[in-house]
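Visitor: Return a 3D structure for these sequence lines:
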Amino acid sequence: AVKEALFTPLALENVEKFNKGEKPTNIINMYALQMWGEFGGSGVTIGLVIAIMIFGKREDNKAIATLSLVPGLFNINETVTFGVPMVLNPILGIPFVVAPLITIIIGYVLTVIGFCPVACLTVPWTTPPIVFGFLACGANVMGAVTQAILIVVSTVIYTPFLISYEKYQNKQAAEA
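Guide: Below you'll find the predicted structure:
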């Protein structure tokens, strides 16, 4: 409620300017936050799903990632959040909080330097990443490129924590 009350009016000002042919000026707005820090679900967990699919060794984690990929593409991440589990997980809880902060900062910087246009259009929250960035930035390909970069960043952030978590899981299994 707080986030939407603060950032939606800024987004709507951008929509109005875009519709008038003017340059949107509110870099930080509701659509930008969704584009930079909420893709693939809260915690940008699509990065974890990709990390598991590339670097994961355990079959149970790979099964969860396989089940989580399609919903994750539509920004629904409950299967990975509760399947891994992320809640109260001392290892994977860290990147769950840190990854969105880092991707928001990178998205902001890429927008400030002019690499990515300002997010200025309403896009349904279930729109897949990359398509979301393209549409939110007024059908500009650099919005899509920015989201692709942020997906790679989130995957890189999650990877060392995933490796550590799987070592922990293997240790727990050996002790049982």
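Visitor: so where do the helices sit in the chain?
Guide: Counting by DSSP state H, one finds helices in the chain at the ranges 2-19, 30-37, 46-55, 59-73, 78-83, 93-112, 131-136, 141-175.
Visitor: just checking, what packs against the longest one?
Guide: What it means is helix 141-175. helix 30-37, helix 46-55, helix 59-73, helix 93-112, helix 131-136 (3 or more C-beta pairs under 8 Å, 6 or more residues apart in numbering; DSSP states H and E). Backbone N, C-alpha and C define where each C-beta goes, glycine included.
Visitor: contacting residues around residue 33?
Guide: With contact taken as C-beta atoms under 8 Å, 6 or more residues apart in numbering, residue 33 is in contact with 3, 7, 104.
Visitor: May I have the phi/psi pair for residue 121?
Guide: phi -130, psi 150 (degrees, to the nearest 10).
Visitor: so how far is residue 143 from it?
Guide: Residue 121 sits 10 Å away from residue 143, going by C-beta to C-beta, to the nearest Å.
Visitor: Then residue 83?
Guide: The value you get for residue 83 to residue 143, if C-beta to C-beta is used, is 30 Å.
Visitor: same thing with residue 93?
Guide: Counting by C-beta to C-beta, the gap from residue 93 to residue 143 is 30 Å.
Visitor: okay, those two: which has more neighbours?
Guide: Set side by side, residue 93 and residue 143 show more neighbours around residue 143, with 31 against 15, by other C-beta atoms under 10 Å.
Visitor: Contacts only, for that one.
Guide: Contacts of residue 143 by C-beta under 8 Å, 6+ apart are 35, 116, 117, 119, 133, 134, 135, 136, 137.
Visitor: mind checking pLDDT for the nearest residue to it once chain neighbours are set aside?
Guide: Leaving aside its sequence neighbours, residue 143 sits nearest to residue 137 (C-beta to C-beta, 6 or more residues apart in numbering; 2.9 Å). The per-residue pLDDT reported for residue 137 equals 96.
Visitor: My guess is residue 137 contacts residue 111. True?
Guide: No: counting by C-beta atoms under 8 Å, residue 137 stays clear of residue 111, with 9.1 Å between them.
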